[in-house]
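Peer 1: Dropping the sequence and predicted coords here.
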Amino acid sequence: MQTFDLGKEGLRALNSSLHALKGQTNMTAWEVVNPKGAHAIAAGVDAPVDITVRGSTGYYCAGMNKQATIRIKGSAGPGVAENMMSGTVIIDGNASQYAGATGRGGLLVIKGNASSRCGVSMKGIDIVVHGSIGHMSAFMAQSGNLVVLGDAGDALGDSLYEARLFVRGSVKSLGADCIEKEMRPEHLALLADLLKRGEADGQARPEEFKRYGSARKLYNFNIDNAAAY
Amino acid sequence: MCGIVGLFLKDPKLEPQLGAMLTDMLITMTDRGPDSAGIAIYGGAKDGLGKITIQSASPDKDFKNLDGDLHDAIGQPVTMLIKSTHAVLEVPLDQLDAARSALSHLRPGVKVMSAGDSIEIFKEVGLPKDVAARFDVARMKGTHGIGHTRMATESAVTTMGAHPFSTGPDQCLVHNGSLSNHNGLRRELIRKGMTFETQNDTEVAAAYVSQKLKEGEDLGTALESGLEDLDGFYTFVVGTKNGFGVVRDPIACKPAVMAETDAYVAFGSEYRALVNLPGIENARVWEPEPATVYFWER
């Protein structure tokens, strides 16, 4: 186990050490102490290592992550796991705005609540939120899955493409072109797997969720609406 | 960007450290705005006395014998404490308006930063650490306070363009964001009798709230009205003699984190600003909801 004191050694030293890890490494377990809300902790890691951050983080923690498993033993600031490519990010507390934004792959697990714009423009990432999510979540989401055990705020899935949204609680309002869709057996199977991987299988059953997706009405310009522009 | 910090103390034992705590929080937020910084501190209200904080670009000239000249003008005792480019004048509470009016004749170059029972505002161009050191903010005591570090986006980097803005007795407001309808609103407020020192959007928001209070609304209702009338991006933190309020616009893209313990309520643009507060490990930490007014009062 490599223990890194962010208060003493600084962010640049941490991230250069993590970026230096390539291919096979013996240093597979890292612990970061004294994060104190610093920005960009463990951003841009590209190695199959396990990193635990003991405390709360600032902007863009675990951004662009590839392969690594990053655990935050606190809450995360704005843009956690933004543009994640692969790997896993698990937050014990809450996440601020635009968690998992533009994420292309991997799994983001938020055990508390996520704030506004969770999964905005997601492009293949899977996000499992044990609590609730804020307004404008999954705005322009393109692909991937967003699972919410609690409630969703206003304008869920506005201008959605092909991402799948599963919400167990209430949805305050749906955004433009986002509709409830039928839950078919393949969705229940997908959800069961996501709940298991998202460490939430003990808390919720797939049958309790509703599925939301794109009505696909914004895909093509409708000439009848020309007067509206 | 801009950075905001705020502290509302519930435990009087912390009051001697208010300035030190706010200074530490504000310096942490330096990256969010290095143009100018300011702080509003509420404390030290004395029975029957009011305070006017003034600023001058030529303090040596303007502050020289100002207490004596003001005494002669209003016929009442005046004390003056000079801190760099600012000075705090203490006058009998019922003479606040008379003293302000006399000031504008005696020293036309002097700007009034704040007036009221307990508010003092210090703000200047420069980094938070330099501004805080210049006014010795770390040694100030008080019940609550608000700090701001500015990254100017829509009006000049000047002392008067720095936050907090005070447009009514014991009132102040700081802002992270930008308003888009401030010019129209400013014209309406001028018609209603408000006066403005700058072309700054935040000053309009402050004057809007002051006008609503003048019309008899309480602070909570005034901020609710603002959600209808102020167009743009904002996280506002406002101070009054007894209270401390927070509101974010409905889109809420300007960040805000709050923490509450038995000893205090704290605000920071980022969690980083709160990490050195006592007992933060066990505080309730949350993000204020969009379009929701929060208010604490003693």
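Peer 2: On my side now, so go ahead.
Peer 1: So for residue 5, what's the pLDDT?
Peer 2: Since you didn't name a chain, this refers to chain A. On pLDDT, A:D5 comes in at 97.
Peer 1: To clarify, I was referring to chain B.
Peer 2: According to the prediction, B:V5 has pLDDT 98.
Peer 1: Centre-most residue in chain A?
Peer 2: A:G100 (3.5 Å; Cα atoms, centre = their mean).
Peer 1: doesn't B:V88 make contact with B:D67?
Peer 2: No - between B:D67 and B:V88 there is no contact under Cβ atoms under 8 Å: 10.9 Å. Using the backbone N, CA and C atoms, a C-beta is placed for each residue, glycine as well.
Peer 1: shared neighbours of the two, anything?
Peer 2: B:M80 (Cβ atoms under 8 Å, 6 or more residues apart in numbering or on different chains).
Peer 1: how long is stretch B:72-92 end to end?
Peer 2: Start-to-end span of stretch B:72-92 (Cα to Cα, to the nearest Å) is 14 Å.
Peer 1: Which residue ranges of the chain form helices?
Peer 2: Picking chain A for this. A:6-9, A:11-19, A:185-197 (DSSP state H).
Peer 1: Chain B was what I was after
Peer 2: Taking DSSP H, the helices of chain B run over residues B:18-28, B:59-62, B:66-74, B:96-106, B:128-134, B:182-191, B:201-214, B:219-229.
Peer 1: Flag every residue of chain B that's near chain A.
Peer 2: B:251-253, B:255, B:257, B:270-275, B:285-287, B:290 (Cβ under 8 Å from any Cβ of the partner chain).
Peer 1: Need the nearest residue in space to the closest residue to chain A within the stretch 101-250 of chain B, chain neighbours excluded.
Peer 2: Distances between the stretch 101-250 of chain B and chain A by Cβ to the nearest Cβ are smallest at B:P250, namely 8.1 Å. Closest residue to B:P250 apart from its sequence neighbours, by Cβ to Cβ, 6 or more residues apart in numbering or on different chains: B:A291 at 4.2 Å.
Peer 1: Show the backbone phi and psi for residue 141.
Peer 2: Just going to use chain A. Main-chain dihedrals, A:A141, degrees, to the nearest 10: phi -70, psi 130.
Peer 1: measure the nearest residue to A:N113 once chain neighbours are set aside to chain B for me?
Peer 2: Excluding the flanking residues, the one nearest A:N113 by Cβ to Cβ, 6+ apart is A:G131, at 3.7 Å. In this view, A:G131 and chain B are 12 Å apart by Cβ to the nearest Cβ, to the nearest Å.
Peer 1: Spell out which residues make up each domain of chain B.
Peer 2: Listed by automatic domain parsing, the domain ranges of chain B are B:3-43+B:125-297, B:46-116.
Peer 1: Mean neighbour count for those domains - can I get that in JSON lines?
Peer 2: Formatted as JSON lines, those follow (neighbours: other Cβ atoms under 10 Å in any protein chain shown):
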{"stretch": "domain B:3-43+B:125-297", "mean neighbour count": "20"}
{"stretch": "domain B:46-116", "mean neighbour count": "17"}
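Peer 1: Let me have these in JSON lines, adding distance to A:N220 as columns.
Peer 2: Output for those, formatted as JSON lines (distance: least, Cβ to Cβ, whole Å):
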{"stretch": "domain B:3-43+B:125-297", "distance to A:N220": "28"}
{"stretch": "domain B:46-116", "distance to A:N220": "58"}
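Peer 1: quick one: which of those domains is nearest A:M64?
Peer 2: Closest approach to A:M64 among the domains of chain B is made by domain B:3-43+B:125-297 (20.6 Å; Cβ to Cβ).
Peer 1: so how far is the first residue of that closest one from its last?
Peer 2: End-to-end distance (Cα to Cα), domain B:3-43+B:125-297: 23 Å.
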